[in-house]
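Visitor: Here you go, sequence then predicted model.
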Amino acid sequence: MNYPVLEINTGLVRQFAETVIAVCAKSGIVPTAVIKGYNALDEVTDALYDAGYRSFASSRTAHLKKIKARYGHAETMALRIPMPSEAASLVELADVSLNSELETIGLLDEAARAAGKTHKVIMMRDLGDLREGIFDPDSFIDAACTVEIEYENIRLHGVGANLSCYGTVVPTAENLSELAANAAVIEKSIGRKLDVVSGGASTSLYLAVGGTMPRGINHLRVGGANLMRSEARDIPDDALPELSDDAFILWAEIIETAQKPTHPIGKLGKDCFLRTKEFEDRGARRRALLAVGAFDIGDYSALSPLDPGVKLLGSSSDHLIADIEDSGREYRLGDKIPMALRYQAMLYSTANAQIEKRYV
């Protein structure tokens with residue numbers, strides 16, 4: 001077997017997903033599974049499908065194409081605001097898309113007409129996180145009503161918001177109530193109920209767990225929380241004990257062990273990524289060099305060794321440096337160290353074809 005190896009427990013993924021679906025159902029929410037974070041690996045998607053998901057979302061149309069080929073009847077949702085240049089291909093592969101620009105919706109309408117289909121859109125409201133969406137509430141309501149009236153091959157499927165991804169704004173009952181209130185005004189104006197009022201992503205799940213999700217929110221776009229506990233943020237430790245960070249484990253091989261100083265010797269400048277660093281001088285300590293790096297996992301802080309005596313010190317593009325002095329195990333050359341993943345490491349490692357995937 002070639003290392004590093006990413007070990008994926010699809011049974012745990014299914015268990016986590018079943019838990020998320022059940023929690024959402026108690027708040028009247030039907031979630032969509034976001035498949036981008038694990039690069040739409042078929043075996044993981046199968047686990048989500050087996051858990052009960054029938055709607056799948058990604059910002060990458062290549063992922064949606066895989067869903068269409070694997071589950072022809074499942075709903076596909078494009079997460080990123082469409083590029084004008086991709087209107088035709090997006091209408092072909094996505095049943096639903098998130099939008100904020102009327103000009104782009106006009107292009108989607110033309111593409112849908114040419115394809116002989118109706119494309120569904122969710123209009124996005126910016127509630128303060130300052131990524132996508134219309135910021136002014138009156139302009140948002142006007143734009144949604146325009147979609148309902150002006151475009152023959154577009155259906156106003158609903159409204160939505162995104163939080164926590166850029167501006168770190170936490171989803172709350174207060175800001176999601178504003179979205180629900182906007183939806184109610186739109187529904188009154190167009191004379192019908194919206195299909196979807198989408199209250200964010202995994203970071204909104206804690207409101208459903210705590211029973212404080214505002215009335216009117218009936219949809220979430222859940223990715224990370226289906227896969228790892230660390231992505232189900234703000235949920236009390238004693239809630240959802242079914243979730244853990246054990247479904248994705250990266251095994252990396254030791255290629256050098258040595259006793260070395262903890263502070264570099266010589267004039268300090270910048271590392272390979274042009275960053276300056278500070279080092280604590282703890283004297284000479286035993287350390288291991290692992291054959292994995294930022295090329296494979298992004299920022300090394302997105303890894304968490306399962307051995308509590310192992311501390312990660314840093315990484316370059318191809319190497320990970322770990323302090324193993326306090327481990328109760330006598331690590332040797334060729335040994336493998338297992339590490340749980342956080343979201344960024346999962347994003348990188350699942351997309352890297354040079355990391356072998358092992359399913360358990």
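Guide: It's in.
Visitor: Show me what counts as buried in stretch 280-295.
Guide: Of all the residues in stretch 280-295, those buried under the rule 16 or more other CB atoms under 10 Å are 285, 286, 287, 288, 289, 290, 291, 292, 293, 294. Just so you know, the C-beta spots here come from the backbone N, C-alpha and C atoms, and that holds for glycine as well.
Visitor: Wait, the first one touches residue 258, no?
Guide: No. Taking contact to mean CB atoms under 8 Å, the distance of 9.9 Å between residue 285 and residue 258 leaves them out of contact.
Visitor: Among the buried residues of stretch 280-295, which ones are in helices?
Guide: Counting by DSSP state H, the part of these found in helices is residue 294.
Visitor: Just put the buried residues of stretch 280-295 in JSON lines and tack on pLDDT.
Guide: Shown next, in JSON lines, are those (pLDDT from 0 to 100):
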{"residue": "285", "pLDDT": "97"}
{"residue": "286", "pLDDT": "97"}
{"residue": "287", "pLDDT": "97"}
{"residue": "288", "pLDDT": "98"}
{"residue": "289", "pLDDT": "98"}
{"residue": "290", "pLDDT": "98"}
{"residue": "291", "pLDDT": "98"}
{"residue": "292", "pLDDT": "98"}
{"residue": "293", "pLDDT": "97"}
{"residue": "294", "pLDDT": "96"}
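Visitor: Residue 221: which of the buried residues of stretch 280-295 is nearest?
Guide: Nearest to residue 221 out of the buried residues of stretch 280-295 is residue 294 (CB to CB; 27.8 Å).
Visitor: rewinding a little: save the buried residues of stretch 280-295 as CSV, and put in distance to residue 182 too.
Guide: Below are these laid out as CSV (distance: CB to CB, whole Å):
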residue, distance to residue 182
285, 56
286, 58
287, 54
288, 54
289, 54
290, 49
291, 51
292, 46
293, 45
294, 41
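Visitor: Which one of the buried residues of stretch 280-295 is nearest to residue 357?
Guide: residue 292 (14.4 Å).
Visitor: what's the closest one in contact with, if anything?
Guide: Shown in contact with residue 292 (CB atoms under 8 Å, 6 or more residues apart in numbering): 4, 250, 252, 315, 318, 319, 320.
Visitor: mind redoing it with 6 Å?
Guide: Counting by CB atoms under 6 Å, 6 or more residues apart in numbering, residue 292 makes contact with 4, 252, 320.
Visitor: distance from the centroid: which residue in this protein tops it?
Guide: Of all residues in the chain, residue 266 has its C-alpha farthest from the mean position, at 41.1 Å, by CA atoms, centre = their mean.
Visitor: Tell me the secondary structure at that one.
Guide: At residue 266 the chain is in coil, as set by DSSP: H, G, I helix; E, B strand; the rest coil.
Visitor: quick one, what contacts it?
Guide: Neighbours of residue 266 in contact, by CB under 6 Å, 6+ apart: none.
Visitor: rewinding a little: now go through the buried residues of stretch 280-295 and say which are in strands.
Guide: 285, 286, 287, 288, 289, 290 (DSSP state E).
Visitor: Show me which of the residues you listed is closest to residue 118.
Guide: residue 290 (51.6 Å).
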